[in-house]
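Enquirer: fold the following for me, if possible:
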Amino acid sequence: MDFCAAGSSGLTEAEEAEIETIRQHRQELLEDIKRLKEEIAEVFAEIECFQNAEERQQADNNPGEQIRQEFLFWKTSVLEIPELPCEVTKTWPFILSLTFLLVCSRLSQRDKLLCLGRKKFNMDPAKGIQYLIEHEVLSPDLQEIAKFLHKGEGLNKTAIGDYLGGRDPTNIQILQAFVACHQFANLNLVQALRQFLWSFRLPGEAQKIDRMMEAFANWYCKCNPGVFQSTDTCYILSFSIIMLNTSLHNPNVKDKPPFERFVSINRGIDNGGDLPEELLKNLFESIKNEPFSIPEDDGNDLTHTFFNPNREGWLLKLGGRVKTWKRRWFILTDNCLYYFEYTTDKEPLGIIPLENLSVRKVDDPKKPNCFELFNPNCKGQKIKACKTDGDGKVVEGKHQSYKISAATPAERDGWIEAIRTSITQDPFYDLVSARKKKIASKN
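Expert: Okay, the predicted model is just below:
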């Protein structure tokens, strides 16, 4: 903004003096804006240089609070400075509002990194954690990583379980810190298990389950000294409760176990002695009246289901209604057989639950190396499975059996063995049996 020289504009002396005052105020305002920019740069530098874990965690819990406090400090301190001209103080609220928006945009960038890191975690937990640490969204401190997983916002419960069950020493330390985030003091075992099993989904691999339940038993006994004589007792009883939950509430289990059977299978597990019947009765009734709540995974992306499959590969599948052979990518995991059109597909064309099914070699006049999935107890009935039709809708499968062809006899035999293992495998019983033998050997 330019002003005309005095005497050439026809202005009075008073008007010229007012123009000079405005010119001075304008210069002062420009200097204050420059100083404000420097202060903004300093705040941005502070935001990017969080050094201690406490500040990082506070930012995770309420990332906007620090920014709001800075804003209030600037607003209060600046507006109360008496030396600033009136025009400047009237302009400050607007400038500070813009500053607040600028800082929030930087905060928005951090949120974008956090969102992307969560997505990476749900696809590959180790890479997701590495990404968040490299972009300084998450502290490398193992305690902070455990708290991040325990908070679980936007994280896939299956991915959390897969990561915590890892055998790497770092994973084990994070698992122990994760378990310690739970407050088990003065809770009975069922209450503690409800809290624990809601924070993630148990993986299917026996070694991972063993590590996670071992950590749970150790922490529960530490929080509740004197309840059990050893952590082995807590470990075995925890598995018994989980299996009891399945037996009582799985509709496919027809023979519901009575309380007496629950007592019987837990005899001698407390360092060779029996647990109080009243304790077992309370645990039994709690599970009978209210089953465990299994957490639903966030989002609709099924990709996380296919971490560490038991087996995967190309096979030919015979259609149910239209008897044509089609090449499909098969993945065997979690007691289900999934098949896709392409290896890059995120959602399967069909899902075949293997419960109550059997597998066997069969001959086919058109294709070699065939095997068949069938229900030995319900011949002539359709297998309970689902697939997507041409319109993308999920519909019931039309197979009474599934005939599948492999490229070689060795591949066929490998698939048959893997499917049989998946059908019969129940790691809980094996883990409990091994721990009972350990107790027996001590006595």
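Enquirer: strands of this protein, start to end?
Expert: Secondary structure of the chain (DSSP state E): strands located at 311-318, 325-333, 336-340, 350-353, 358-362, 370-374, 386-388, 394-396, 401-405.
Enquirer: how about JSON lines for those strands, with mean neighbour count added?
Expert: Any C-beta I mention is one placed from the backbone N, CA and C, and that applies to glycine too. Formatted as JSON lines, these follow (neighbours: other C-beta atoms under 10 Å):
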{"stretch": "strand 311-318", "mean neighbour count": "18"}
{"stretch": "strand 325-333", "mean neighbour count": "17"}
{"stretch": "strand 336-340", "mean neighbour count": "21"}
{"stretch": "strand 350-353", "mean neighbour count": "19"}
{"stretch": "strand 358-362", "mean neighbour count": "15"}
{"stretch": "strand 370-374", "mean neighbour count": "19"}
{"stretch": "strand 386-388", "mean neighbour count": "16"}
{"stretch": "strand 394-396", "mean neighbour count": "11"}
{"stretch": "strand 401-405", "mean neighbour count": "21"}
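Enquirer: what about residue 10, how many neighbours?
Expert: Around residue 10 there are 7 other residues, counting by other C-beta atoms under 10 Å.
Enquirer: how close does it get to residue 20?
Expert: 16 Å (C-beta to C-beta, to the nearest Å).
Enquirer: with residue 246 instead?
Expert: Residue 246 sits 87 Å away from residue 20, going by C-beta to C-beta.
Enquirer: looking at these two, which is more packed in?
Expert: residue 246 (15 against 12).
Enquirer: how about the nearest residue to the residue nearest the centre of the chain, chain neighbours excluded?
Expert: The C-alpha lying nearest the average C-alpha coordinate of the chain belongs to residue 156 (C-alpha atoms, centre = their mean; 2.7 Å). Leaving out its chain neighbours, the residue that sits closest to residue 156 by C-beta to C-beta, 6 or more residues apart in numbering is residue 122, at 4.1 Å.
Enquirer: give me the pLDDT for the residue nearest to the centre of the chain.
Expert: pLDDT for residue 156: 88.
Enquirer: check residue 162 too.
Expert: The model's pLDDT for residue 162 equals 88.
Enquirer: now swap in residue 296 and tell me
Expert: Residue 296 carries a pLDDT value of 61.
Enquirer: that older thread, ranking the strands of the chain by mean pLDDT, which is last?
Expert: Ranked by mean pLDDT, these end with strand 394-396 at the bottom, a mean of 68.
Enquirer: how many neighbours does residue 366 have?
Expert: 10.
Enquirer: the nearest residue to it once chain neighbours are set aside pairs with what?
Expert: The shortest distance from residue 366 to any non-neighbouring residue, by C-beta to C-beta, 6+ apart, is to residue 325 (7.3 Å). Beta-bridge pairing for residue 325 (DSSP bridges): residue 318.
Enquirer: wait, residue 325 sits on residue 368?
Expert: No - between residue 325 and residue 368 there is no contact under C-beta atoms under 8 Å: 11.6 Å.
Enquirer: what do those two both touch?
Expert: residue 405 (C-beta atoms under 8 Å, 6 or more residues apart in numbering).
Enquirer: before we move on, back to that, between the strands of the chain, which one is nearest to residue 422?
Expert: Closest to residue 422 of the strands of the chain, according to C-beta to C-beta: strand 325-333, at 6.0 Å.
Enquirer: distance to residue 132 for the strands of the chain - can I get that in CSV?
Expert: CSV is the format used below for those (distance: least, C-beta to C-beta, whole Å):
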stretch, distance to residue 132
strand 311-318, 28
strand 325-333, 26
strand 336-340, 29
strand 350-353, 32
strand 358-362, 42
strand 370-374, 41
strand 386-388, 34
strand 394-396, 34
strand 401-405, 41
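Enquirer: out of the ones you listed, nearest to residue 221?
Expert: Smallest distance to residue 221 across those (C-beta to C-beta): 33.1 Å, for strand 325-333.
Enquirer: name the residues that touch that closest one?
Expert: 204, 305-319, 337-343, 345, 348-349, 366-367, 404-405, 415, 418-419, 422.
Enquirer: let's see it at 7 Å
Expert: Strand 325-333 is contacted by residues 305-306, 309-319, 337-343, 349, 367, 405, 418-419, 422 when judged by C-beta atoms under 7 Å, 6 or more residues apart in numbering.
Enquirer: just how off-centre is that strand within its chain?
Expert: 27 Å (C-alpha atoms, centre = their mean, to the nearest Å).
Enquirer: also stretch 183-196?
Expert: Centroid separation between stretch 183-196 and its chain, computed with C-alpha atoms, centre = their mean, is 21 Å.
Enquirer: with only the CA atoms kept, save it in PDB.
Expert: Output in PDB follows, covering the C-alpha atoms of stretch 183-196 (Å, rounded to 0.1, in the frame of the first residue of the first chain):
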ATOM      1  CA  GLN A 183      -5.200 -55.200  35.200                       C
ATOM      2  CA  PHE A 184      -5.900 -58.700  36.500                       C
ATOM      3  CA  ALA A 185      -5.700 -58.000  40.200                       C
ATOM      4  CA  ASN A 186      -8.700 -59.300  42.200                       C
ATOM      5  CA  LEU A 187     -10.200 -60.900  39.100                       C
ATOM      6  CA  ASN A 188     -11.100 -64.500  38.900                       C
ATOM      7  CA  LEU A 189      -9.600 -66.500  36.000                       C
ATOM      8  CA  VAL A 190     -12.600 -66.200  33.700                       C
ATOM      9  CA  GLN A 191     -12.800 -62.500  34.100                       C
ATOM     10  CA  ALA A 192      -9.100 -62.100  33.400                       C
ATOM     11  CA  LEU A 193      -9.400 -64.300  30.300                       C
ATOM     12  CA  ARG A 194     -12.300 -62.300  29.000                       C
ATOM     13  CA  GLN A 195     -10.200 -59.100  29.200                       C
ATOM     14  CA  PHE A 196      -7.100 -60.800  27.700                       C
END
